[in-house]
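Asks: Structure of the sequence below:
(one chain, ligands or ions: 1)
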Amino acid sequence: MANFLVFGLVFFSTLFTAAIAGDSEWLSPVYTEFYQNPLPIPQDKPVKYQYTNPITGKVIKYFEIDIKPFQAQVYSKLGPVNLVGYDGMSPGPTIRVEKGEETVVRFVNRASMANSVHLHGSNSRAPFDGWAEDLTQPGQYKDYYYPNGQRGRTLWYHDHAIEHTAENAYFGQAGLYIMHDPDEDRLGFPKGTYDVPMVLSSKQYKSNGDLFSPASETVSLYGDVIHMNGQPWPYLKVEPRKYRLRFLNAAVSRAFQLYFEKDTKTGTKLPFTVVASDSGLLSTSVSASTLEISMAERYEVIFDFAAYANSNVTMRNNRDVQADEDYNSTDKVMKFIVGGNVTDPTNNGAVPSALSTLDTPAPKSTVDRTFKFERSGGEWVINGVTFADVKNRILAKPPRGTTEVWQLENNSGGWSHPVHIHLVDFQIISRTGGKRGVLPYEAAALKDVVLLGVNEKVKVIAKYAPWDGVYMFHCHNLIHEDHDMMAAFNVSALQDFGYPETTKFLDPMEQRWRSKTIDPAMFTEEYITGTLLPMFSGLDAYGSEDKIEKALDDYYKTRTTGPVAAASTVASSTTARTSSSTTLSTFSTITSAAKTSSSSSTKTTSKTTSTTTKKKD
Ligand SMILES: [Cu+2]
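Replies: Have a look, this model is predicted:
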């Protein structure tokens, strides 16, 4: 304890932003209230309005969320923390939807920095996917239109604003979005208070109790204060029965390897069952005693506290996870105080072995594209390209509906990169070069994030469907993402596809869907239920997903030649970086119908002249 005091407030608070080697010190003021505060449970967001299309019967639920500043108290003896969160809380309110019910979520910027919102895990149309340059400025709002047509899953909504995603997410802009699928009910998983959101983060505080900002970080912000649902090192009182724990790692830069131990028997890792991940249910339940969860990944675990009645179980984190920095207490997460009585014995049965049938892409032995994630010239790049490299940042043009294998490479021993590909659910085929292969629960899952650990090569396979349009892929270490390890792919429109779509959503910056200035007339029930939601409902944006999937399959089955790309898939002139005074045309049109070969993936481009005011390290 004396050690804590010596290394406390004065020496290692704000001055030492670079990581200090070793496990014993603090960067933040010493935190002493371990397991003294209850785990907060984010409240559910109520539906504000609802609209049913009189012809199709299709339901759209409307939610409205204000992005606004608020304060919280993390250190009881220091000053408050200044945060900016969805509805003034962090994590934001939990949005709950039923599979098949579409949603419109209006995000209203009542804060001081621009935002963009990504619903992570949703195959939203490009203009509603949170494209980093599709900013909503303070005083504006944007209506995001979501399909909820995929399998049930735990999604999350979080900031994706160009160059300051790390700040926005870290200061509070992250929340859960849980899509319930009736197909899950047959499994009898724990429900209600036995179904607990677990949002991990790791932060660093200043000597006054306020947050240290990631704004000037260019490498990583690992943080030394571990939070669950916004509370450092909390406790949760549980009953001696099964719980469903829905983990999300919302940290800026820290990956976790979680395990549980009984306080009276430390060193012995307790068993649990992994049942779901990014895209919902696993194919089979997977027994485990450690859960590796990197930034933006979701894993759902059934943990049975029955054997630990009237005792305490602590959730811990391994040290030496990848190349992350450890601090005094980054090996601790939270405590479960297990009572002696079960008040509700329902939904407490054995976890079935077979859980679901995954819609895995048809196997393929070739590698279509290779992407190297690396540090180059003081920037984080993908195949030498940054997101600021507007002319070159579209690194792939998979024709709509094609299945591709992407090889992701990290040749560094110094850092890891959780890679997120928007739009698709992918299967992890292989992992080589590092200390581990494909983890058992990864092998049973469809994912949208995969950790590319130190020196690892990971192959992922996905079908680039159902929509066409331009989407991002990037590292989910938010410091790397901001500086500028992000690129795009264009799921190319098919000229001769023949499916009758009445609306196109190719361009994430299409003017029609951009943010608007706050106007009270646009916030009335009459406007929203009488004009706005009927407009979305009439777009035919999502209603025919199954038919499109089938039409795409038929298209490729019947073809004897390669796919024919549309003459012009995207011709946007609105995609210059917002920090730029110059407008550049971003999206090159497709000139060749031929399926791209792997050569497209290894191009090295000369940097375009920077037109941005982007900060350089
Ligand atoms: Cu990275």
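Asks: What helices and strands are in contact with the helix or strand hosting Lys459?
Replies: In this structure, Lys459 sits in strand 457-463 according to DSSP states H and E. If you count contacts as 3 or more Cβ pairs under 8 Å, 6 or more residues apart in numbering; DSSP states H and E, strand 457-463 packs onto strand 403-409, strand 417-421, strand 427-432, strand 449-452. To be clear about C-beta, it is placed using only N, CA and C from the backbone, and glycine gets the same treatment.
Asks: That strand pairs with which strands, parallel or anti?
Replies: Here strand 457-463 has these sheet partners by DSSP bridges: strand 403-409 (antiparallel), strand 427-432 (antiparallel).
Asks: which residues are contacting the shortest one?
Replies: To tie it back to what came earlier, the one meant is strand 427-432. 358, 360-361, 405, 437-438, 442-443, 445-447, 450, 453, 456-462 (Cβ atoms under 8 Å, 6 or more residues apart in numbering).
Asks: now swap in the longest one and tell me
Replies: Contacts of strand 403-409 with the rest of the structure, by Cβ under 8 Å, 6+ apart, involve 361-362, 364, 366-373, 396, 398, 419, 421, 426, 429, 450, 452, 456-464, 601.
Asks: Selection in ChimeraX covering whichever of these are buried, please.
Replies: Applying 16 or more other Cβ atoms under 10 Å to the contacts of strand 403-409 leaves a buried subset, and the ChimeraX line that selects it is:
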select :361,368,369,370,371,372,373,396,398,419,421,426,429,450,452,456,457,458,459,460,461,462,463,464,601
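Asks: The nearest residue to Val47 once chain neighbours are set aside: how many residues sit nearby?
Replies: Leaving aside its sequence neighbours, Val47 sits nearest to Lys61 (Cβ to Cβ, 6 or more residues apart in numbering; 4.7 Å). A count of neighbours around Lys61, defined by other Cβ atoms under 10 Å, yields 21.
Asks: pretty sure Lys61 belongs to a strand, no?
Replies: Yes - assessed by DSSP: H, G, I helix; E, B strand; the rest coil, Lys61 belongs to a strand.
Asks: Model confidence score at it, please.
Replies: The model reports Lys61 with a pLDDT of 98.
Asks: So in terms of bridging, what pairs with it?
Replies: Gln50, Thr103.
Asks: Quick check: the gap between it and Ser537.
Replies: 12 Å (Cβ to Cβ, to the nearest Å).
Asks: what is in contact with the two at once?
Replies: Glu102.
Asks: Give me the buried positions along the top helix by length along the chain.
Replies: Ranked by residue count under DSSP state H, the longest helix found in the chain is helix 545-558. Neighbour counts over helix 545-558 (16+ other Cβ under 10 Å) mark Glu545, Ile548, Ala551, Leu552, Tyr555 as buried.
Asks: which regions of the chain lie under the pLDDT threshold?
Replies: Residue ranges of the chain with pLDDT under 70: 1-24, 567-617.
Asks: Quick check: Gly152 touching Asp185?
Replies: No - applying Cβ atoms under 8 Å as the test, Gly152 and Asp185 come out as separate, 9.8 Å apart.
Asks: These two: which has the busier surroundings?
Replies: Set Gly152 next to Asp185 and count neighbours by other Cβ under 10 Å: Gly152 wins out with 22 against 12.
Asks: Could you check how many residues crowd around the residue lying closest to the more buried one once chain neighbours are set aside?
Replies: Take Gly152 and drop its neighbours on the chain: the residue closest to it by Cβ to Cβ, 6+ apart is Asp181, 2.5 Å away. Using other Cβ under 10 Å, Asp181 is surrounded by 17 other residues.
Asks: interface residues of the stretch 301-450 of the chain facing the ion?
Replies: His417 (Cβ under 5 Å from the ion).
Asks: Tell me, how many residues neighbour the residue of the stretch 301-450 of the chain found nearest the ion?
Replies: When scored by Cβ to the ion, the stretch 301-450 of the chain has His417 as its residue closest to the ion, at 3.3 Å. Neighbours of His417 under the rule other Cβ under 10 Å: 30.
Asks: Next up, the contacts around it.
Replies: Phe373, Asn410, Leu451, Leu452, Cys475, His476, Asn477, His480, Met485.
Asks: Leaving out sequence neighbours, find the closest residue to whatever residue of the stretch 101-250 of the chain ends up closest to the ion.
Replies: Residue nearest to the ion within the stretch 101-250 of the chain (Cβ to the ion): Ser220, separated by 8.2 Å. Using Cβ to Cβ, 6+ apart and skipping residues adjacent in sequence, the residue nearest Ser220 is Ser253, 3.9 Å away.
Asks: Also Pro182?
Replies: Distance criterion Cβ to Cβ, 6+ apart; nearest residue to Pro182, sequence neighbours excluded, is Lys99 at 7.1 Å.
Asks: pretty sure the one you found contacts Gly149?
Replies: Yes - at 7.3 Å, Lys99 and Gly149 qualify as touching, with contact defined as Cβ under 8 Å.
Asks: so what's the residue nearest to Gly152 up against?
Replies: Neighbouring residues of Asp181 by Cβ under 8 Å, 6+ apart: Lys99, Arg151, Gly152, Arg153, Gly280.
Asks: Could you report the neighbour count for the nearest residue to the last one once chain neighbours are set aside?
Replies: It refers to Gly280. Leaving out its chain neighbours, the residue that sits closest to Gly280 by Cβ to Cβ, 6+ apart is Arg153, at 3.8 Å. Neighbour count of Arg153, defined by other Cβ under 10 Å: 26.
Asks: shouldn't Arg153 be in contact with Asp278?
Replies: Yes - between Arg153 and Asp278 there is a contact under Cβ under 8 Å: 7.0 Å.
Asks: tell me, what's touching the two both at once?
Replies: Counting by Cβ under 8 Å, 6+ apart, the residues touching both Arg153 and Asp278 are Gly121, Arg298.
Asks: Okay, domains of the protein per the record?
Replies: 2-30+189-338, 43-180+510-543, 369-509+544-601 (automatic domain parsing).
Asks: Check the offset of the longest one from the chain's centre.
Replies: Distance of domain 369-509+544-601 from the chain centroid (Cα atoms, centre = their mean, to the nearest Å) equals 16 Å.
Asks: With the second one instead?
Replies: Relative to its chain's centre, domain 43-180+510-543 lies at 14 Å (Cα atoms, centre = their mean).
Asks: what's the answer for the first one, then?
Replies: Relative to its parent chain, domain 2-30+189-338 has a centroid offset of 17 Å by Cα atoms, centre = their mean.
Asks: which residue ranges form the strands in the stretch 51-200 of the chain?
Replies: Under the criterion DSSP state E, counting those that start in this stretch, strands of the stretch 51-200 of the chain are mapped to 59-72, 81-86, 92-98, 102-109, 117-120, 140-146, 153-159, 174-180, 195-203.
Asks: Of all the domains of the chain, which one comes closest to Pro345?
Replies: domain 2-30+189-338 (7.1 Å; Cβ to Cβ).
Asks: What segments of the stretch 501-617 of the chain are strands?
Replies: Using DSSP E, counting those that start in this stretch, strands in the stretch 501-617 of the chain cover 516-517.
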